[in-house]
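Trainee: sequence and predicted model, in that order:
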Amino acid sequence: MIFLLLAEKGYPHTLMLKRETVRGAIDVLSKASRILVFCHANPDGDAIGSLLGLGQMLEDAYPEKTVLFYCKDPSPETFDFLYGVKRIQHSCSLQKGDTVVFVDSAEPKLTGLMDSHPELFSETTSSINIDHHPTNTNFASINLIDANAASACEIVADIADIAGWKITPEVATCLLTGVYTDTGGLLHSNTTVQVYRTVARLLRAGAQQQVIINSVFRTAKLSTLKLWGRLLEKISLTDEGGAISAVTKGDFAATGAHYSELTGAIDYLNAVPGMRFSMILSERDGKVKGSLRTLRDDVDVAEMASKFDGGGHKKAAGFALQGKLKPEVRWKVIED
């Protein structure tokens, strides 16, 4: 196993990269017969952006190779403007000589493929893991992990610089989408000096900033607004200083909304003055997913999520439990 910590606080990631190790990963890619790129299930902007951005650069770098894009679940409609999004496949088969690349996936189970495709995670499979989550389990043959990066797309951009891969306007738009969504449009506290450097680099490469802003932050379907209305109506405050709300299967059915339309809603819970943290519970596929956020430096929501076998970042984390929601004085997860 090869573990690489890419950056130290306060320095550009590219200055801290062990170039020989990244070049080792590039050498593995150059020898692959095919390259399969995967992101986590229930993808967000960083997952889709890094998947498409990396995949397209690999195609340009190795035109003689087949590069395939995979995600267990469909991409949210919000990201339909990204070049190549319709190429994402939802089932795969591993062949001899393949190299598998995982982006924005802290552990194998998040891909949703552990049970159906355990061979992807075998020690005999050539694999590369590119991620920014501090809880990453380093499950691949080569692990390029930067817990100080705000997004996986940042790391992909840095790797591209070292590899000498061309960042086209289409790729730049994909990568900037991931940076913007994982920083809340550059409003979250993880928006560092390095984030601004990456944004500037991608804008110079031709990223369509206004298309991203209009598609992701200024466009909302009627179903989204109805779902958020139900969510905001149910907000309750806890003695611990938390703002909590929930949406059930019934809420999704009544509004016609997809679960991906919850993206961004938790920021409104965080806006309640004096809140230490916020949490949204949502029912999907026989599970209850919890999303946690905080704006405070003295609260660690990743630690909170770990109590439910979840994880993430100090200020943004999540978990999933088998069961369904039962409304009481507070929301309660019960076995289905």
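Mentor: Noted; the coordinates are in hand.
Trainee: bridging residues for Phe319?
Mentor: Gly290 (DSSP bridges).
Trainee: pLDDT on the helix or strand containing Gly24, on average?
Mentor: In the assignment (DSSP states H and E), Gly24 maps to helix 19-31. Across helix 19-31, the average pLDDT comes to 91.
Trainee: tell me which residues of it are tucked away?
Mentor: Thr21, Val22, Ala25, Ile26, Val28, Leu29 (16 or more other CB atoms under 10 Å). For glycine as for every other residue, the C-beta is placed from the backbone atoms N, C-alpha and C.
Trainee: that helix packs against which elements?
Mentor: strand 2-5, strand 98-103, strand 126-131, strand 142-145, helix 152-163 (3 or more CB pairs under 8 Å, 6 or more residues apart in numbering; DSSP states H and E).
Trainee: at 7 Å instead, please
Mentor: For helix 19-31, the packing partners by 3 or more CB pairs under 7 Å, 6 or more residues apart in numbering; DSSP states H and E come out as strand 126-131, strand 142-145, helix 152-163.
Trainee: packing partners of the last one?
Mentor: Helix 152-163 sits against helix 13-16, helix 19-31, helix 45-61, strand 126-131, helix 169-182, helix 193-204, with contacts defined as 3+ CB pairs under 7 Å, 6+ apart.
Trainee: average model confidence for the first one?
Mentor: Averaging the model's pLDDT scores along helix 13-16 yields 44.
Trainee: same question, the last one
Mentor: Looking at helix 193-204 alone, the average pLDDT works out to 97.
Trainee: what's the first helix or strand after it?
Mentor: The helix or strand immediately downstream of helix 193-204 is helix 209-212, counting by DSSP H and E.
Trainee: which residues sit against the helix or strand just after that following helix?
Mentor: Sequence order places helix 222-233 as the next helix or strand after helix 209-212, per DSSP H and E. Applying CB atoms under 7 Å, 6 or more residues apart in numbering, the contact partners of helix 222-233 are Ser245, Val247, Asp251, Thr255, Gly256, Ala257, Glu261, Leu262, Ala265, Tyr268, Ile280.
Trainee: got a list of what the second one touches?
Mentor: Taking CB under 7 Å, 6+ apart, we find Val247 in contact with Leu227, Arg230, Leu231, Leu262, Ser282.
Trainee: next, it: phi, psi?
Mentor: In terms of degrees, to the nearest 10, the main-chain angles of Val247 are phi -130, psi 140.
Trainee: ok, back up a step: of all the helices and strands packed on helix 152-163, which one is nearest Ala160?
Mentor: helix 45-61 (5.8 Å; CB to CB).
Trainee: buried sites along that closest one?
Mentor: Residues of helix 45-61 classed as buried by neighbour count (16+ other CB under 10 Å): 45-58, 61.
Trainee: run the angle between it and helix 193-204 for me.
Mentor: Using axes from the mean of the first three to the mean of the last three CA atoms, to 10 degrees, the direction of helix 45-61 lies 50 degrees away from that of helix 193-204.
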